[in-house]
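[1] A predicted structure for the sequence below; I have some questions about it.
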Amino acid sequence: VLLRLTPGFVPTDPVEKAYCDMIHEAAEELFMIMPCVNIYKGEKFQQEKENYFNNTLPTRLENLAKLLSNNWWFCGSTVTYADFDVYVFFDLARLVEPSVFKDYPAISQWMSRVENLPGVKEYLARRPQPVEIGVNPHMEPRNLSFCVLRYTCFSF
């Protein structure tokens, strides 16, 4: 529903839309990073992490990097739902392996562009943070503070 209501996230040209769908489907092949971040512990985590970073991610990362190339966004000059889909999985991969994109500067720059989009930047600053990945994975609220009427401050 949100995609239908938000101009630009879904291309109107059928060929461009098919291209975005291709990127989206390629990103979906990266989903196994989710249980690595959110579920697996101990030896199972180590096995799945190794499998993901040695078998699942490398070819797909290489292909997605080629598709991004020198483009600002995956589907050209406008951010689309495909960018958000790829970002979710790449962000999780980076949580598990912070240097995963060291050989892919275009991917790192693209991730920074996504992170600085209006609305996304604010969301990322307040979303819960995955912690104790591989040991006792859970989400931890960020330490948020705000002031009301410039005099009364709250932290939670």
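    Thanks, I have it. Numbering: from 1, shown residues only.

[2] any idea how far stretch 84-92 is from the middle of the chain?
    The chain centroid and the centroid of stretch 84-92 are separated by 2 Å under C-alpha atoms, centre = their mean, to the nearest Å.

[3] wait, I meant stretch 122-130
    12 Å.

[4] equivalent analysis for stretch 16-36, please.
    Worked out by C-alpha atoms, centre = their mean, stretch 16-36 lies 11 Å from the chain centre.

[5] mind listing the helices for this protein?
    Secondary structure of the chain by DSSP state H: the helices cover 2-5, 14-28, 33-38, 42-51, 57-68, 81-96, 105-115, 120-126.

[6] switch these over to TSV; also include distance to residue 133, mean pLDDT and mean neighbour count.
    Yep, even glycine has a C-beta here, placed from its N, CA and C like the rest. Below are the helices of the chain laid out as TSV (distance: least, C-beta to C-beta, whole Å; pLDDT from 0 to 100; neighbours: other C-beta atoms under 10 Å):
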stretch	distance to residue 133	mean pLDDT	mean neighbour count
helix 2-5	28	46	8
helix 14-28	20	94	15
helix 33-38	5	96	18
helix 42-51	8	98	14
helix 57-68	16	97	15
helix 81-96	6	97	20
helix 105-115	19	97	15
helix 120-126	17	92	12
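
[7] residue 135: which of the ones you listed is closest?
    helix 42-51 (7.6 Å; C-beta to C-beta).

[8] show me the contact partners of the closest one.
    For helix 42-51, contacts defined as C-beta atoms under 8 Å, 6 or more residues apart in numbering pick out 32, 35-36, 40, 96-97, 133-135.

[9] just put the helices of the chain in a markdown table and tack on distance to residue 142.
    Below are the helices of the chain laid out as a markdown table (distance: least, C-beta to C-beta, whole Å):
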| stretch | distance to residue 142 |
| --- | --- |
| helix 2-5 | 24 |
| helix 14-28 | 26 |
| helix 33-38 | 17 |
| helix 42-51 | 24 |
| helix 57-68 | 27 |
| helix 81-96 | 14 |
| helix 105-115 | 15 |
| helix 120-126 | 6 |
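
[10] nearest to residue 75, of those?
    Residue 75 lies closest, by C-beta to C-beta, to one member of the helices of the chain: helix 14-28, at 4.7 Å.
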